[in-house]
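1. Return atomic coordinates for the entry below.
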Amino acid sequence: MSRPPAPPRDVTPGVLPLGTVVLTMEGALPVEYLGAGDRIVSRAEMQVLRSVDTPAPRRFALTFDRPQVVYTDGRQVRCAAARRPA
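-> Residues are numbered from 1 along each chain as shown. Next comes the predicted model:
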């Protein structure tokens, strides 16, 4: 089996701090205003946001059906896929 390609170096993994602006179908919005069902601009195409988690105070993690790279404040951020129930 071959390994998946490594992500580009310009992509940041992880969570977004409070106030980070994310590109959505409705325009650029701060991450704290996002909710499940919002449509987010990703590298692949428009994606439906499944959930917004807060793993730490003032930090937000966006979750999609599959891993995605989204556009924020001039950066590209890698977001996780939702975990499937066992």
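2. separation between the closest residue in space to residue 48 that isn't next to it in sequence and residue 57?
-> Nearest residue to residue 48, sequence neighbours excluded (C-beta to C-beta, 6 or more residues apart in numbering): residue 39, at 5.9 Å. Backbone N, C-alpha and C define where each C-beta goes, glycine included. With distances defined as C-beta to C-beta, to the nearest Å, the gap from residue 39 to residue 57 amounts to 27 Å.
3. of the two, who's got more company?
-> Neighbour tally, residue 39 and residue 57, criterion other C-beta atoms under 10 Å: the higher count belongs to residue 39, 13 against 6.
4. wait, that one sits on residue 25?
-> Yes: using C-beta atoms under 8 Å, residue 39 is in contact with residue 25, at 3.9 Å.
5. any residues in contact with both of these two?
-> Between them, residue 39 and residue 25 have residue 46 as joint contacts when contacts are counted by C-beta atoms under 8 Å, 6 or more residues apart in numbering.
6. Pass me the low-pLDDT residue ranges in this structure, would you?
-> 1-13, 84-86 (pLDDT under 70).
7. try it again with 90
-> Using pLDDT under 90 as the threshold, the predicted model of the chain has low-confidence ranges 1-15, 43-44, 55-56, 73-76, 80-86.
8. which residues of it fall in strands?
-> Assignment of strands within the chain using DSSP state E yields the ranges 11-13, 16-17, 21-24, 27-30, 39-41, 46-48, 51-56, 59-64, 68-72, 75-81.
9. Flag every buried residue along the last one.
-> Of the residues in strand 75-81, those buried under the neighbour-count criterion (16 or more other C-beta atoms under 10 Å) are 77, 78, 79, 80.
10. Could you name the helices and strands sitting against that strand?
-> For strand 75-81, the packing partners by 3 or more C-beta pairs under 8 Å, 6 or more residues apart in numbering; DSSP states H and E come out as strand 11-13, strand 59-64, strand 68-72.
11. Nice, that's everything, thank you.
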